[in-house]
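Participant: Need the 3D shape of this:
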Amino acid sequence: MTTTQPAEIPIWVNGAQRWISGIGRKTTCDDVIRVLLRSEGCHTEAKDKEDKHYAIVERWKKVERPLDGRSRILKVWTAWGDEQEAVRLTLKRVNPTTPREVKHHHRRSSRGHNRARLLQTVHPKRLIDDENKPFSDTIEHLMKLILAQGETIQTQLRRLHDRDEQILSIEHQVHSSRQERLGSNYLLETYLKDLDANKGGEDDSGVAEVENAKQEEEEGEVAGEAEEPEDAEDAEAQRALVEMRACIALWERVVRVNKRLEKEEQCLVKLHVKLRRLSEAEPAQEATDLITSEAIAIVKEQIEEADAVCNAQQMEIDQNELRLQETCEQLQERHRLLDYLQEELRESELEEEQLRHWLQELTYKKHQQIQQQQQMHHAMLTKQFTQAATVTTTPAASTGAIRKQIEGDTDSNSDTGLSSLHSSSEEGVYVLDTLV
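Facilitator: Now for the predicted structure:
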């Protein structure tokens, strides 16, 4: 037999987590309750009976179940496996009513919904929401079935544990008696004798069906006859061992059935949680649907208004595009006209420049001609005056000749536009008198 090492299990007390160490295979819930009450200073010898007012409550996903005080807490804890993180064991104060009485009370009551609550926790406000919610008949039936199955499983586990202890004690007695009479290697010798006849036999591990147990019983009787026991005590011990093996096989079948029931119970709990969620979500879903329908109607109206606005804006955009196209065409026409006018302006500027240049040349030529004519006239006058000064004729004759000459010059100067010059010269005519 192998001995298991003590384990640690978390227990919640007054909202605080406590780790309980030194828990073995035979540690019960009552032992843990006494230790916790002693550590809290609430346990005395005069108040040993008050331990029944407390219980270890197993909570898994808002589903609670009080554990029996005689339950092996380590076995309950290890049975959860990977789900241990979602399980919470809590020390709570309960009424002295036992789970067995609760089960009978459930059977007697016609309406379990209106019955008084059996469990009263130290902090009942944590369960107010769950207690005040109405449950349907299906959920009530499932909860009753779960409680009944839990009680049945606990009872069967207690019986199985008692049987295990009896089997262990009987096997130990038989083994010690055989060692005294047959020696320490009697098992090896027995298996060597039966090896040829029982090649396909199963191991003596205690895990078999009822048919295998019966076959082992017959083989045990044959082996007992072959060994020819010397006294009746050995035969009785052998028969008791065979019966115990058959009982072990039956109890193992019960354990398998219990495991299957536990799985079904977990499925029922999950179904119960889903149903409760659905029942809670129905009114919210209806309100959500109503709000959604109203919101959809409002959104549709807004979409229609936006569609009308978009259509109007699209028409305006089309008109603006047409206007913009016409404006672009007009602008292009204006640009072409501007280019044409600029070209004409450049041509007119060139013509103006040419005319200005031609006019300057013409003016310059006229000015040159006038200067030449003035120079020629001035030279002629100078020559005439010189000739007149040197004339040796009579003054009258010379005067008449000079006057004729001047008159002739005056007529010629009138053609050239120099009459004004000669008119001034006529006023200052000098009469030349000679002394001869």
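Participant: Would you check that I11 makes contact with I23?
Facilitator: No. I11 lies out of contact with I23 (C-beta atoms under 8 Å); the separation is 10.0 Å. Every residue, glycine included, has its C-beta placed from N, CA and C.
Participant: What segments of the stretch 301-436 of the chain are helices?
Facilitator: 395-416, 419-427 (DSSP state H, counting those that start in this stretch).
Participant: hey, least reliable of the ones you listed by pLDDT?
Facilitator: When the helices of the stretch 301-436 of the chain are compared on average pLDDT, helix 419-427 comes out lowest at a mean of 45.
Participant: For stretch 14-32, give me every contacting residue.
Facilitator: 4, 6-12, 35-36, 39, 51, 55-56, 67-75, 122-123 (C-beta atoms under 8 Å, 6 or more residues apart in numbering).
Participant: List the buried residues for that stretch?
Facilitator: 18, 20, 23, 27-32 (16 or more other C-beta atoms under 10 Å).
Participant: Which of the residues you listed fall within strands?
Facilitator: Secondary structure defined by DSSP state E assigns 18, 20, 23 of these to strands.
Participant: Out of those, which comes closest to A295?
Facilitator: R18 (51.4 Å; C-beta to C-beta).
Participant: so what's the closest one bridging to?
Facilitator: Following DSSP bridges, R18 is listed with bridge partners I11.
Participant: Residue numbering should commence at 642 henceforth.
Facilitator: Got it, the first residue is 642 from now on, which makes the last one we talked about R659.
Participant: Can you give me the pLDDT of it?
Facilitator: At R659, pLDDT is 85.
Participant: Also the one 3 residues further on?
Facilitator: According to the predicted model, the pLDDT of S662 comes to 84.
Participant: where's it relative to R918, distance?
Facilitator: When C-beta to C-beta, to the nearest Å is the yardstick, S662 and R918 sit 38 Å from each other.
Participant: Might you report the residue contacts of N899?
Facilitator: Neighbours of N899 in contact, by C-beta under 8 Å, 6+ apart: 794, 797-798.
Participant: Closest to K941 out of these?
Facilitator: I794 (58.4 Å).
Participant: In contact with the closest one, which residues?
Facilitator: So I794 contacts 899, 902-903 (C-beta under 8 Å, 6+ apart).
Participant: Need the residues you listed in TSV (columns: pLDDT).
Facilitator: As requested, the contacts of I794 are arranged in TSV below (pLDDT from 0 to 100):
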residue	pLDDT
N899	78
L902	81
E903	81
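Participant: In strands, which of those appear?
Facilitator: Going by DSSP E, the strands hold none of those.
Participant: Nothing else from me, thank you.
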